[in-house]
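Participant: attaching a predicted model along with its sequence, questions to come.
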Amino acid sequence: MSNRPTPYTGLEDQLILRDHLAADRTTLANERTYLAYIRTALTLFVAGLSFVHFKDIFSTQVAIFSAPVVEVIGILFILLGIATFFVGFVRYRRMRTLIHKIKQEERKESGESDTP
């Protein structure tokens, strides 16, 4: 592993329950953020499908939009939804790996075993 100090370096013997709970809250916050990415991606995807599906209605009701323009907007929303999902997934995995690595280093330094 790297020799980068963690925020807890030098304080291993002073960690209290509050500090361990803060690490758990960080894990939960990472999961909540990932779920927000999924929610946003699904919303964009469904909006895009709606634009594509109802392009004729949009183009007749709103005079400034033609059917191809509405369809392009829908396809862009669909692609944006897919991209949002993958960005959220990549960020979630990176943060989860980082949190796991910090917890492992903390356990090694304090002499605890790796199994919970």
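Facilitator: It's in. Residues are numbered from 1 along each chain as shown.
Participant: show me where pLDDT drops low in this protein?
Facilitator: 1-17, 58-60, 62-65, 109-116 (pLDDT under 70).
Participant: so which residues of it form strands?
Facilitator: Per DSSP state E, the chain carries no strands over any range.
Participant: tell me which stretches of it form helices.
Facilitator: Applying DSSP state H to the chain gives helices spanning 17-53, 55-61, 67-110.
Participant: tell me which other helices or strands the last one touches.
Facilitator: For helix 67-110, the helices and strands in contact under the criterion 3 or more Cβ pairs under 8 Å, 6 or more residues apart in numbering; DSSP states H and E are helix 17-53, helix 55-61. Every C-beta, even on glycine, is put in place using the N, C-alpha and C of the backbone.
Participant: got the angle between the first one and helix 67-110?
Facilitator: What separates the directions of helix 17-53 and helix 67-110 is an angle of 160 degrees, with axes from the mean of the first three to the mean of the last three Cα atoms, to 10 degrees.
Participant: mind listing what's buried along helix 17-53?
Facilitator: Asn30, Tyr34, Tyr37, Thr40, Ala41, Leu44, Phe45, Ala47, Gly48, Phe51, Val52 (16 or more other Cβ atoms under 10 Å).
Participant: so how far is Arg25 from the last one?
Facilitator: What that stands for is Val52. 41 Å (Cβ to Cβ, to the nearest Å).
Participant: where's Gln104 relative to Gly88, distance?
Facilitator: From Gln104 to Gly88 the distance is 24 Å (Cβ to Cβ).
Participant: neighbour count for these two, which is higher?
Facilitator: Gly88 (19 against 12; other Cβ atoms under 10 Å).
Participant: residues contacting that one?
Facilitator: Thr33, Tyr34, Ala36, Tyr37, Ile38, Thr40, Ala41 (Cβ atoms under 8 Å, 6 or more residues apart in numbering).
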